[in-house]
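[1] sequence and predicted structure are below.
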Amino acid sequence: MPKRRAAVALTLPGLDPAPKAGPVSPQARAMCMRPGRTSRAAPAPKPWECVLCVVDTAKVSGWAIGARGQLRESGQHDTELRPDLTAGVVERAASLAKLLSLPVVLVLEAPYGGKTFMLVALGVAKGRWLDAWKRAGQAASRKVTVQPSVWRGPVLGSWAVGVKRDRVRAAELSMARGLVGRDDVGADEAAAVCIHHWAAHAPVVGERIGAKAVRKSMAAWSQRGGAR
């Protein structure tokens, strides 16, 4: 059996040998992770410096707007009957981002499971939000689609991963009420509030806001000190 050859470091003419790689921080890993591989990156230690417009996609959609991890407002409405409210949510998120000089990211829960007619209805609702996003002049690249199995574990606990929505509604409501500080939270609104809590630290959001905003986030984290 032939012997294995030892690895040899090659150096191009005029270049010094590359230094050995040191430890990689969670922030740097979040910046470098390729799309589609985000689940392996660690969550950001503090909220990203951005505005989030989060939607629990359905005919009656729950939504939440937040900045730097702080929830600003939330609610729910019928997207078929009140397209004006859908447009208003997106416009307020964009206006807040402009006011704070921050990027804004649209976060949509992905249609999942169920019968064909239900998936079609969810897809139509998603289209309404994407249309409002486009009409508000926002970039298609500033969009995140997340499966429930991705956000539920970090927010509600591993027991909620892969569980049907009806079984986790009570936990979503309890978590959302604690986050918004009031009891009159709708079921669809609660899901959006919980997704916002996940998205504030999500590596994929760091990808969407871009390297400049990630560097701004890291600088802000250093100034604040401590963990949030």
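    Noted; the coordinates are in hand.

[2] which helix or strand in the protein has the lowest average pLDDT?
    helix 26-32 (a mean of 39; mean pLDDT, DSSP states H and E).

[3] what helices or strands is the following helix or strand past it leaning on?
    Downstream of helix 26-32, the first helix or strand assigned by DSSP states H and E is strand 51-56. Counting contacts by 3 or more C-beta pairs under 8 Å, 6 or more residues apart in numbering; DSSP states H and E, strand 51-56 packs against strand 60-67, helix 83-100, strand 104-109, helix 187-199. Glycine gets a C-beta too; all of them are placed from N, C-alpha and C.

[4] can you lay out the ones you listed as TSV showing mean neighbour count, mean pLDDT and distance to C53?
    Below are those laid out as TSV (neighbours: other C-beta atoms under 10 Å; pLDDT from 0 to 100; distance: least, C-beta to C-beta, whole Å):
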stretch	mean neighbour count	mean pLDDT	distance to C53
strand 60-67	25	97	6
helix 83-100	17	98	4
strand 104-109	25	97	5
helix 187-199	26	97	9
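
[5] reformat these as a markdown table; add distance to K134.
    Below are the helices and strands packed on strand 51-56 laid out as a markdown table (distance: least, C-beta to C-beta, whole Å):
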| stretch | distance to K134 |
| --- | --- |
| strand 60-67 | 17 |
| helix 83-100 | 9 |
| strand 104-109 | 10 |
| helix 187-199 | 20 |
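
[6] same question for the top helix by length along the chain, mean pLDDT?
    Criterion DSSP state H: the longest helix present in the chain is helix 203-224. Taken as a whole, helix 203-224 has an average pLDDT of 93.

[7] so for this protein, the centremost residue is which one?
    Of all residues in the chain, the one closest to the mean position by C-alpha atoms, centre = their mean is A199, 3.2 Å from it.

[8] check whether that one really touches V144, as I assumed.
    Yes. Using C-beta atoms under 8 Å, A199 makes contact with V144 at a distance of 6.9 Å.

[9] for the two, list the residues in contact with both.
    V105, V107, V205 (C-beta atoms under 8 Å, 6 or more residues apart in numbering).

[10] and the last one, how many neighbours?
    Going back to what we said before, that points to V205. Using other C-beta atoms under 10 Å, V205 has 28 other residues around it.

[11] now do it against C53, distance only.
    12 Å (C-beta to C-beta, to the nearest Å).

[12] shared neighbours, these two?
    Listed as contacting both V205 and C53 by C-beta under 8 Å, 6+ apart are V105, V107.

[13] on that earlier part again, the longest helix of the chain - contacts with which helices or strands?
    Packed next to helix 203-224, using 3+ C-beta pairs under 8 Å, 6+ apart, are helix 26-32, strand 104-109, strand 143-146.
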